[in-house]
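J.: when you get a sec, could you give me coordinates for this:
(one chain, ligands or ions: 2)
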Amino acid sequence: MPVQIGAQAHNFSDPTGLLSDCHRRIEMFLRTLEGVAPVVDRPLTEETRVALESALRYFREAAPKHTADEEESLFPRLRKMHLPDVEAAIARLDPLEHDHLLAGSLHAEVEELGQRYLAAGSLECTGVEAFRNAIASLASIYEQHIRIEDGLVFPLAARLLSSTEKAAIADEMVARRKVRLVTSTSEMPR
Ligand SMILES: [Fe+2]
Ligand SMILES: [Fe+2]
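T.: Ligands and ions are numbered 1, 2, ... in the order given. Purely as a prediction, here's the structure:
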């Protein structure tokens, strides 16, 4: 199925490949936030504004769809398989969903502090510290979380889910983003 979101390398015939592509974007925008963290004790520059706005927008608008892809489309199908290989991976799913919750609350804090910084052009000391701590925590959570999903959960899903189930996951991912079916990269939505 020649459908893509943004400039990722996989398409909807390979939904777990798409989910890994999302991880690369999460890592990219996380690096952006890590680049902003050291300078939030200084007056906001135009370069920092552009970088921070793009990262906040990604984590506010796109990243929750990735979480929903996993929690609503992928994980429930793995839980239903009742296969020995899957049982071991399933034991890792609850902690992964807990990470999603934790990351969600840290992102809410980064969003609130980041918007305050963008609006006022500066952050007070407690805000600077909270912003840096939240981003350090996010980096630590994502590093482990993505390693388990890319290294264990997604390969298993790719191997064991039927093509019908993969197609159903893909349909749900499409619906979540309301993307149009396209055949050329020039038409790809972000
Ligand atoms: Fe996840
Ligand atoms: Fe993920």
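
J.: can you pull the contacts of residue 116?
T.: Contact partners of residue 116, counting by CB atoms under 8 Å, 6 or more residues apart in numbering, are 123, 127. Where you see a C-beta, it was placed from the backbone N, CA and C, and this is true even at glycine.

J.: one more: residue 44?
T.: Contacts of residue 44 by CB under 8 Å, 6+ apart are 117, 118, 121, 122.

J.: same thing with residue 75?
T.: Listed by CB under 8 Å, 6+ apart, the contact set of residue 75 reads 93, 96, 97.

J.: out of those, which are buried?
T.: Neighbour counting over the contacts of residue 75 (16 or more other CB atoms under 10 Å) leaves 93, 96 as the buried ones.

J.: can I get the contacts of residue 75 in TSV with pLDDT?
T.: Formatted as TSV, the contacts of residue 75 follow (pLDDT from 0 to 100):
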residue	pLDDT
93	83
96	90
97	91
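
J.: out of the contacts of residue 75, which sit inside helices?
T.: Among the contacts of residue 75, the members falling in helices (DSSP state H) are 93, 96, 97.

J.: so the closest residue to residue 72 other than its chain neighbours is in which element?
T.: Setting aside the residues directly before and after it, residue 72 is nearest to residue 172 in space (CB to CB, 6 or more residues apart in numbering), at 7.1 Å. Residue 172 belongs to helix 163-177 when assigned by DSSP states H and E.

J.: quick one: buried residues of that helix?
T.: Quick answer for helix 163-177 (16+ other CB under 10 Å): 165, 166, 169, 170, 172, 173, 174, 176.

J.: returning to what we had before: from the ones in helices among the contacts of residue 75, which is closest to residue 35?
T.: Using CB to CB, residue 96 comes nearest to residue 35 of those, at 26.6 Å.

J.: how close does the closest one sit to residue 27?
T.: Applying CB to CB, to the nearest Å, the value for residue 96 to residue 27 is 16 Å.

J.: got it, and residue 59?
T.: 12 Å.

J.: who has more neighbours out of those two?
T.: In this view residue 59 and residue 27 are compared by other CB atoms under 10 Å, and residue 59 has more residues nearby, 23 against 14.

J.: contact partners for the more buried one?
T.: With contacts taken as CB under 8 Å, 6+ apart, residue 59 has the following neighbours: 29, 107, 110, 111.

J.: show me which of these are buried.
T.: Of all those considered here, the ones buried according to neighbour count by 16+ other CB under 10 Å are 29, 107, 110.
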